[in-house]
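# A structural model of the following input is requested.
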Amino acid sequence: QVQLVESGGGLVQAGGSLRLSCAASGRTFRRNTSGWFRQAPGKEREFVARITSSGITTSYAGSVKGRFTISRDNAKNTVYLQMNVLKPEDTAVYYCAAGDSWSTDAREYDYWGQGTQVTVSS
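Numbering: from 1, shown residues only. Presented below is the predicted three-dimensional model:
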């Protein structure tokens with residue numbers, strides 16, 4: 001079993017930055033792909049970024065590429081999402097996820113955090 005706890009959300013002005021953290025417990029976490037997803041009110045949960053268990057390979061949704069960076073520190077069992085040049089349309093609840101497959105589909109991830117709210121004001 002893997003348990004995930006996100007932190008770092010908050011209110012920020014457009015153009016600002018936030019860094020989300022996802023602290024994990026469970027021995028298998030270091031072998032899992034990790035991902036960040038987000039869900040805005042009235043919208044489907046959408047893929048944001050993912051990273052392999054080694055941390056070597058990453059990929060991003062087109063809407064955040066060049067502004068967001070995903071990273072992980074396996075020694076600390078933590079995954080990060082550095083978000084720069086934030087826009088009002090980035091406002092959502094952000095979720096950390098972990099799973100065995102390299103996927104952008106939320107259904108492929110087995111473990112989820114409770115989410116952290118990010119609000120970007122214009």
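
# Quick check: the closest residue to Gly15 other than its chain neighbours vs Ala14, distance?
Spatially, and ignoring its direct neighbours in sequence, Gly15 is nearest to Val85 (6.0 Å; C-beta to C-beta, 6 or more residues apart in numbering). Backbone N, C-alpha and C define where each C-beta goes, glycine included. Separation of Val85 from Ala14 (C-beta to C-beta, to the nearest Å): 9 Å.

# residue contacts, the residue nearest to Gly15?
Contacts for Val85 (C-beta atoms under 8 Å, 6 or more residues apart in numbering) come out as Gly15, Ser17, Arg67.

# any idea of the pLDDT on it?
In this prediction, Val85 carries a pLDDT score of 98.

# which element is the most centrally placed residue in the chain on?
Nearest residue to the geometric centre of the chain (C-alpha atoms, centre = their mean): Trp36, 2.4 Å. Using DSSP states H and E, Trp36 sits in strand 33-39.

# Which residues outside that strand are in contact with it?
20, 22, 45-53, 70, 72, 79, 81, 90, 92-104, 106, 109, 115, 118.
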